[in-house]
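Colleague: mind folding the following:
(one chain, ligands or ions: 2)
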Amino acid sequence: MKLLVTGGAGFIGSYFIKYMLQKYSDYKIVNLDLLTYAGNLETLKDADTNVNYKFVKGNIVDKVFVEDLFEKEQFDVVVNFAAESHVDRSVSDPNVFVKTNIMGTQVLLDVARKYNILRYHQISTDEVYGDLPLDRPDLFFMENTPLNPSSPYSASKAAADLLVIAYQRTYNIPVTLSRCSNNYGPYHFPEKLIPLIITRAITNQAIPVYGDGLNVRDWIYVEDHCSAIDCILHNGKEGEIYNIGSHDERSNLEVVKTILKELNKPETLIAFVKNRPGHDLRYAIDSSKLHKELGWGPKCNFEEGIKKTIKWYVENESWWQSIISGEYMNYYKKQYQINI
Ligand code: NAD
Ligand code: DAU
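Modeller: Ligands and ions are numbered 1, 2, ... in the order given. This is a model prediction of the structure:
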């Protein structure tokens, strides 16, 4: 079995590659990644020596390049993680989100169609459903919840989902699609909430919380997301959409306070800042379809996962220090409008 994993130098894609290489010693994996600001080959150094693994630098939007790669490698399966993934960046510059997330998906689908692959799997997100009210804890996103994205990021992911579904219907491509809730774990880029809190708390810096901090996210440990994708690839039904989640909802403020407590840092580090435009109130995913039909369930709860994650950041400071000391600092200053 030969897999093309796109976006494999990012947070979740890199975890998935390592997970699959370890679990299936006879699978070959090619990682196609553009190495944008979010891609980091350091994250994959454990995989480098594996003869079943190969890295190729390239852009999923470049059809000639992608077609060439398919011709050379003859993939059986494609798993598309490659995306611009940060909501705040999509608010300040939507353009690249449309290119990579929509046009890139279309290129992959076109080429996958030409090469008759066994499965195309699209990594989507619960954000395509929009948000839920804070005062209705009984409501959850189901696979048939209407798409109602709020940000340029989630709109681009929703558009990509629609293309995947349309290609299946029109060209009969064997697709599956999964929509997962908020991931956390090692090697998470420090622009996202959890790694941002951990790295800034370790360095005793203010922690920016948008609005009143009461927005709710449904957190899943990255390994559980990867095991769900593995399960869908092997047992999922063609043309189906699967929600992935852990039922671990917390407000942002709860998450911040938990991390500060674990690191023994004062809550005075919390700084309430201007809200994110269009900020989604609550995400909560129902993944009972995946559980009932394919027998998948998460293994790691938030209490355990956050401890493991904090420990990893404490022990791997060189990985994130090299990120936050570079171009990232300009992004941070611009995003949070501070002059330090
Ligand atoms: P990430 O930003 O950490 O990684 C994205 C990777 O894609 C990077 O390595 C980047 O270099 C690569 N990439 C970007 N543009 C590319 C292009 N044009 N061609 C090739 N490679 C390109 O993202 P992540 O958090 O690992 O998310 C991966 C996928 O999972 C995304 O599709 C995202 O929408 C989805 N997702 C993320 C979460 C989450 O909580 N992080 C939850 C649900 C779904
Ligand atoms: O739900 C899945 C999605 O989760 C993925 O599709 C996205 O790729 C991923 O980035 C994530 O999106 P969010 O917008 O939920 O994640 P983020 O870490 O940016 O923010 C989490 C919450 O924390 C959100 O309510 C905004 C808030 N926040 C975020 C940052 C960066 C703050 O309060 N302060 C911050 O500085």
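
Colleague: residues contacting residue 160?
Modeller: Neighbouring residues of residue 160 by CB atoms under 8 Å, 6 or more residues apart in numbering: 101, 102, 105, 122, 124. The way it works is simple: take the backbone N, C-alpha and C, and place the C-beta from them, glycine included.

Colleague: please disregard the earlier target; I meant residue 251.
Modeller: Residues near residue 251 by CB under 8 Å, 6+ apart: 213, 214, 215, 216.

Colleague: list buried residues within those.
Modeller: Buried members of the contacts of residue 251, scored by 16 or more other CB atoms under 10 Å, are 215, 216.

Colleague: what's the closest of the contacts of residue 251 to ligand 2?
Modeller: residue 215 (3.9 Å; CB to the nearest ligand atom).

Colleague: the closest one is in contact with residue 279, isn't it?
Modeller: Yes: look at residue 215 against residue 279 with CB atoms under 8 Å: they come within range, at 6.1 Å.

Colleague: hmm, back to that, I'd like to know which of the contacts of residue 160 are part of strands.
Modeller: 122, 124 (DSSP state E).

Colleague: so which of the contacts of residue 160 reach ligand 1?
Modeller: Checking these against ligand 1 by CB under 6 Å from any ligand atom, not one of them is in range.

Colleague: now the contacts of residue 160 in TSV, with pLDDT?
Modeller: Shown next, in TSV, are these (pLDDT from 0 to 100):
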residue	pLDDT
101	98
102	98
105	98
122	99
124	98
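
Colleague: which of the contacts of residue 160 are buried?
Modeller: Buried residues within these, counting neighbours by 16+ other CB under 10 Å: 101, 102, 105, 122, 124.

Colleague: and those residues as CSV, adding distance to residue 150?
Modeller: Shown next, in CSV, are the buried ones among the contacts of residue 160 (distance: CB to CB, whole Å):
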residue, distance to residue 150
101, 15
102, 17
105, 20
122, 20
124, 15
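
Colleague: from the residues you listed, pick the one nearest ligand 2.
Modeller: Using CB to the nearest ligand atom, the buried ones among the contacts of residue 160 come closest to ligand 2 at residue 124, 8.1 Å.

Colleague: look up which residues are beta-bridged to the closest one.
Modeller: Residue 124 has the following beta-bridge partners by DSSP bridges: residue 179.

Colleague: in the protein, what helix or strand scores lowest on average pLDDT?
Modeller: helix 328-336 (a mean of 86; mean pLDDT, DSSP states H and E).

Colleague: just checking, what packs against that helix?
Modeller: Packing partners of helix 328-336 (3 or more CB pairs under 8 Å, 6 or more residues apart in numbering; DSSP states H and E): helix 87-92.

Colleague: mind saving the C-alpha coords of the helix it packs on as PDB?
Modeller: Extracted in PDB, the C-alpha atoms of helix 87-92 (Å, rounded to 0.1, in the frame of the first residue of the first chain):
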ATOM      1  CA  VAL A  87      -8.600  31.200  11.500                       C
ATOM      2  CA  ASP A  88      -6.900  34.500  12.500                       C
ATOM      3  CA  ARG A  89      -4.600  34.400   9.500                       C
ATOM      4  CA  SER A  90      -7.600  33.800   7.300                       C
ATOM      5  CA  VAL A  91      -9.200  37.000   8.700                       C
ATOM      6  CA  SER A  92      -6.200  39.100   7.800                       C
END
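
Colleague: any idea how far residue 196 lies from residue 36?
Modeller: Separation of residue 196 from residue 36 (CB to CB, to the nearest Å): 18 Å.
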